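Peer 1: Sequence and predicted model, in that order:
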Amino acid sequence: MNLKKTKKTNEEKDSVSELRQDVVTGDWVVIATGRAKRPEDYLEENSKKLETKICPFCEPSIREQEPDTLVYYKQNKEWSLKVFPNKYPAFARSKRIKHREEGIHFAMDGVGYHELIVTRDHDRGVPLLMKEEVAEVLDAFKTRYLDLMNRKSVNYIMLIENHGEKSGASLVHPHWQMFAIPVVSPGIKLELEGSKIYKKNKKSCVFCDMLKQELSSGERIVAQNESFLAFTPFASRAAFEVWILPKKHQPYFERITEQEEFEAAEILKNVLEKYNTNLKDVSYNMYLQTAPCDGKDYNFYHWHIELIPKTSVWAGFELGTGIEISTIEPEKAAEFLRKE
């Protein structure tokens, strides 16, 4: 689709919303400048905290679940990070996958692995952790990924974090969830298909080209270091959405080096410090997208981290069309987040 540039009057610039298309998936989003908000308008109620009477991560004796699968220790011999199976897993471990047909419908057992990555301190999320501690989270994910990726019931593995009451988190204590599942989700399939088509047509990686454009314009950049770039996507689905991409083409997260773990940790901490300071500890969902581990070649893909602040609620239009509405331009969101 060819988009022609046209001159707009000042009135049109202030009132006309803009449809933007995601270059990877083809999805549309609405940047609703007609009902635009100031960055400061998003700060209300972001500081509301979850409350927990007894934390199961601080009191492991009440966890009543299987033993830890991975533990990291400090120099003083105290544990700093633990990985263990979720007490209430969305996917259960099993050696066999049963399939079932019901007329035109098809179902299969929810087989896989659902583990938690938990850091020791109850009140220290990523913005308050040291860079080395954030790198430890990424290293734990990589370690468990390498252990699970070749298991029979696993074709895709992802890492998520739900932070804050509006994100769906049920516990205050910082933790991340890891899912190893037998199917590749529709969301990642869209990105894979879009990346493959782009590579066929343009002879290049769509994410690498995205990086070149963001580095060239600079207007949507939030932070960067030698190996990673954080920016607000051109077709942001939510106000203050941020993507973190490795500057070097990398389809598979599990092949990240130790140095890259530290640099990824540095920029993730940087972005979440900005959320914490400039958006008053806004609730957010974070997930890491990487190529599937189903044995196929995905060299056209590019792993990355996506951060979605919970600044709005889906209503009838979003649910009916699948088109999300953001009430701040990504360029203004990036400018606001860059504030020191």
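Peer 2: That came in fine, so what should we check first? Source: prediction; values computed, not measured.
Peer 1: So, low pLDDT: which residues of the stretch 151-300 of the chain?
Peer 2: In the predicted model, the stretch 151-300 of the chain carries no residue with pLDDT under 70.
Peer 1: That one: helices as residue ranges?
Peer 2: Under the criterion DSSP state H, counting those that start in this stretch, the stretch 151-300 of the chain contains helices at 186-202, 206-217, 258-278.
Peer 1: Highest mean neighbour count out of the ones you listed?
Peer 2: helix 258-278 (a mean of 19; mean count of other Cβ atoms under 10 Å). Every C-beta, even on glycine, is put in place using the N, C-alpha and C of the backbone.
Peer 1: which other helices and strands contact that helix?
Peer 2: helix 131-148, strand 221-224, strand 228-231, strand 242-246, strand 304-309, helix 330-337 (3 or more Cβ pairs under 8 Å, 6 or more residues apart in numbering; DSSP states H and E).
Peer 1: which residues are in contact with the third one?
Peer 2: Put plainly, it is strand 228-231. 211, 214-215, 220-224, 242-247, 263-264, 266-267, 270-271, 334 (Cβ atoms under 8 Å, 6 or more residues apart in numbering).
Peer 1: Any idea which of the helices of the stretch 151-300 of the chain gets closest to Gln289?
Peer 2: Gln289 lies closest to helix 186-202 among these, at 6.1 Å (Cβ to Cβ).
Peer 1: Run the chain-centre distance for that closest one.
Peer 2: A distance of 18 Å separates the centroid of the chain from that of helix 186-202, by Cα atoms, centre = their mean, to the nearest Å.
Peer 1: Quick check: pLDDT value at Pro56.
Peer 2: Looking at Pro56, its pLDDT is 83.
Peer 1: thought it was touching Leu171?
Peer 2: Yes. Using Cβ atoms under 8 Å, Pro56 is in contact with Leu171, at 7.5 Å.
Peer 1: Quick check: neighbours shared by the two?
Peer 2: Contacts common to Pro56 and Leu171, judged by Cβ under 8 Å, 6+ apart, are absent.
Peer 1: Lys247: what's it in contact with?
Peer 2: Per Cβ under 8 Å, 6+ apart, neighbours of Lys247: Leu211, Glu226, Ser227, Phe228, Leu229.
Peer 1: Could you report the neighbour count for the last one?
Peer 2: Yep, that's Leu229 we're talking about. Each residue near Leu229 was counted by other Cβ atoms under 10 Å, and the total is 21.
Peer 1: Could you number the chain from 48 rather than 1 from now on?
Peer 2: Happy to do that; since the first residue is 48 now, the last one works out to Leu276.
Peer 1: beta partners of the residue nearest the centre of the chain?
Peer 2: Centroid-nearest residue in the chain: Tyr334, 2.4 Å away (criterion: Cα atoms, centre = their mean). Here Tyr334 sits in beta bridges with Ile207, Glu353, going by DSSP bridges.
Peer 1: Could you pull up the contacting residues of it?
Peer 2: Residues near Tyr334 by Cβ under 8 Å, 6+ apart: Met205, Leu206, Ile207, Glu208, Ile352, Glu353.
Peer 1: So which residues of the stretch 48-197 of the chain form strands?
Peer 2: With DSSP state E, counting those that start in this stretch as the criterion, the stretch 48-197 of the chain has strands at 65-68, 75-78, 117-120, 126-132, 146-149, 152-155, 160-166.
Peer 1: list the helices and strands the fifth one packs on?
Peer 2: Secondary structure elements in contact with strand 146-149, counted by 3+ Cβ pairs under 8 Å, 6+ apart, are strand 152-155.
Peer 1: And for the fourth one?
Peer 2: Contact analysis of strand 126-132 by 3+ Cβ pairs under 8 Å, 6+ apart lists strand 117-120, strand 160-166, helix 178-195 as its packing neighbours.
Peer 1: Which among the ones you listed is found nearest to Val329?
Peer 2: Comparing the helices and strands packed on strand 126-132 by Cβ to Cβ, helix 178-195 comes nearest, at 18.4 Å.
Peer 1: which outside residues touch that closest one?
Peer 2: Outside helix 178-195, the residues that reach it (Cβ under 8 Å, 6+ apart) are 116-117, 119, 127-128, 130, 160, 162, 164, 166, 173, 201, 204, 206, 223, 225, 227, 300-301, 303, 305, 308-309, 311-313, 315-316, 335, 340.
Peer 1: Try it again at 6 Å.
Peer 2: Applying Cβ atoms under 6 Å, 6 or more residues apart in numbering, the contact partners of helix 178-195 are 117, 119, 128, 130, 160, 164, 173, 201, 204, 206, 227, 301, 308-309, 311-313, 316.
Peer 1: Can you give me the buried ones in that helix?
Peer 2: 178, 180-189, 191-192, 195 (16 or more other Cβ atoms under 10 Å).
Peer 1: Can I get it as PDB, trimmed to CA atoms?
Peer 2: C-alpha atoms of helix 178-195 as PDB (Å, rounded to 0.1, in the frame of the first residue of the first chain):
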ATOM      1  CA  LYS A 178      22.500  -4.700  36.200                       C
ATOM      2  CA  GLU A 179      24.200  -8.000  37.200                       C
ATOM      3  CA  GLU A 180      21.000  -9.200  39.000                       C
ATOM      4  CA  VAL A 181      18.800  -8.400  35.900                       C
ATOM      5  CA  ALA A 182      21.400 -10.300  33.800                       C
ATOM      6  CA  GLU A 183      20.900 -13.200  36.200                       C
ATOM      7  CA  VAL A 184      17.200 -13.400  35.300                       C
ATOM      8  CA  LEU A 185      18.000 -13.500  31.500                       C
ATOM      9  CA  ASP A 186      20.700 -16.100  32.200                       C
ATOM     10  CA  ALA A 187      18.300 -18.300  34.100                       C
ATOM     11  CA  PHE A 188      15.800 -18.100  31.300                       C
ATOM     12  CA  LYS A 189      18.500 -19.100  28.800                       C
ATOM     13  CA  THR A 190      19.600 -22.000  31.000                       C
ATOM     14  CA  ARG A 191      16.100 -23.400  31.400                       C
ATOM     15  CA  TYR A 192      15.400 -22.700  27.700                       C
ATOM     16  CA  LEU A 193      18.400 -24.800  26.700                       C
ATOM     17  CA  ASP A 194      17.300 -27.600  29.000                       C
ATOM     18  CA  LEU A 195      13.700 -27.700  27.700                       C
END
